[in-house]
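1. 3D model of this:
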Amino acid sequence: MANLNKVMLIGRLTRDPEVRSFATGGKVASFGFAVNNKRKNQQSGQWEDEAVFIDMEAFNRQTGRQLADVIEQYFRKGQQYFIEGHLKFDQWTSKDNEKRSKLKVVVDNFEFLEPRPAGASGDSGIRGPRTESPPKPAAMPGTSFDDPAPDLETPEPPGEQEIPF
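-> Residues are numbered from 1 along each chain as shown. As a prediction, the model looks like this:
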């Protein structure tokens, strides 16, 4: 049976990243992230935003991108990002000997959705602000998005004379 653990979010940082270094030379950047879910107010019938707060982590890898370093340098509270990652389930025992758990998102990739602050120049190997939005999921019946997708023409299937066999 196949498994898939992938998260794609657009939201804003709720706090500046906190960075910890490990004795082995590794590094992790932890930060808060908020996204909005839409829900219908039963009394007014209006759609309202409902904030969802998520704990995020990004690591420096031995090979590949040094995400913790980049996030430490460029991420700031209030800025908007598109983040791709995967879920991680943390478990621990509290000081009063109670079992605790938390679901986090581990950042695998990200894109800036706003211009970088003044003075943050230089090429870090990261793509700059997006000029187009990341792809939106297809709307399910009974749902709507703030900005509906443009009408796309459905291409006609090829005629029998166009099939090469």
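2. Helix or strand for Ile10, just tell me which one.
-> strand 7-13 (DSSP states H and E).
3. Check which element follows that strand along the chain.
-> strand 18-21.
4. got a list of contacts for that next one?
-> Under the contact criterion CB atoms under 8 Å, 6 or more residues apart in numbering, strand 18-21 has outside partners 27-31, 68, 72. Heads up, the C-betas are built off the backbone N, CA and C, glycines and all.
5. Make TSV from these and add distance to Glu18 and neighbour count to it.
-> Below are the contacts of strand 18-21 laid out as TSV (distance: CB to CB, whole Å; neighbours: other CB atoms under 10 Å):
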residue	distance to Glu18	neighbour count
Lys27	11	18
Val28	9	18
Ala29	7	23
Ser30	5	16
Phe31	7	22
Ala68	11	23
Glu72	9	18
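6. Closest to Met56 out of the residues you listed?
-> For the contacts of strand 18-21, the closest approach to Met56 (CB to CB) belongs to Phe31, at 5.3 Å.
7. Among the contacts of strand 18-21, which ones are in helices?
-> Here DSSP state H is the test, and the contacts of strand 18-21 give 68, 72 as lying in helices.
8. Now for the contacts of strand 18-21: which two are most distant?
-> Top of the distance list for the contacts of strand 18-21 (CB to CB): Lys27 and Phe31, 13.4 Å.
9. which regions of the protein lie under the pLDDT threshold?
-> 116-165 (pLDDT under 70).
10. now the helices for it?
-> Using DSSP H, helices in the chain cover 67-74.
11. Specify the beta-bridge partners of Lys88.
-> Lys104 (DSSP bridges).
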